[in-house]
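> sequence? don't have it. structure:
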């Protein structure tokens, strides 16, 4: 039986990835040169709903090994919902589905998982330090 996050505390996060902030033209790579990008409207950007882990759950997820493995573990277990996943070319709706993405969209799915997982990891430990002080 796989453990899930038990905390009721959630928040929304917008990953800071170039393909999420900027509209790119895949049919005309020359149009994607630096300085010629267009900002993607905020309402159209991919966002994730994070279910924040408790201190005990955070400790369990941090035992995954390498930094990348830890980030992926946090993403898998803490991403409760993905809003506008089509921006990344994926159909995943949560962390578990995101980790199962194969073929098309795998690179962006991996970038998203590492970005969000690292954010959750750092914010979780910042919160713990603030509670201790």
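That came in fine, so what should we check first? Note that this is a predicted model, so its numbers are computed, not measured.
> wait, what's in contact with residue 68?
Listed by Cβ atoms under 8 Å, 6 or more residues apart in numbering, the contact set of residue 68 reads residue 114. In short, each C-beta sits where N, CA and C put it, glycine included.
> ok, it to residue 113 distance?
Per Cβ to Cβ, to the nearest Å, residue 68 is found 9 Å from residue 113.
> With residue 55 instead?
According to Cβ to Cβ, residue 55 stands 22 Å off from residue 113.
> quick one: which of those two has more around it?
Comparing residue 55 with residue 113 by other Cβ atoms under 10 Å, the one with more neighbours is residue 113, at 25 against 13.
> so where's this protein shaky on pLDDT?
Applying pLDDT under 70 to the chain flags residues 1-4, 6, 25-36, 127-133.
> tell me the centre residue of the chain?
residue 116 (2.9 Å; Cα atoms, centre = their mean).
> Tell me if I'm right that that one and residue 74 touch.
Yes - under the criterion of Cβ atoms under 8 Å, residue 116 makes contact with residue 74 at 7.5 Å.
> and the nearest residue to residue 74 once chain neighbours are set aside, how many neighbours?
Nearest non-adjacent residue to residue 74, counting by Cβ to Cβ, 6 or more residues apart in numbering: residue 117, 3.9 Å away. Close neighbours of residue 117, defined as other Cβ under 10 Å, add up to 27.
> Okay, residue 117 and residue 50: tell me how far apart.
Per Cβ to Cβ, residue 117 is found 10 Å from residue 50.
> Residues that sit against both of these two, list them.
In contact with both residue 117 and residue 50: residue 78, using Cβ under 8 Å, 6+ apart.
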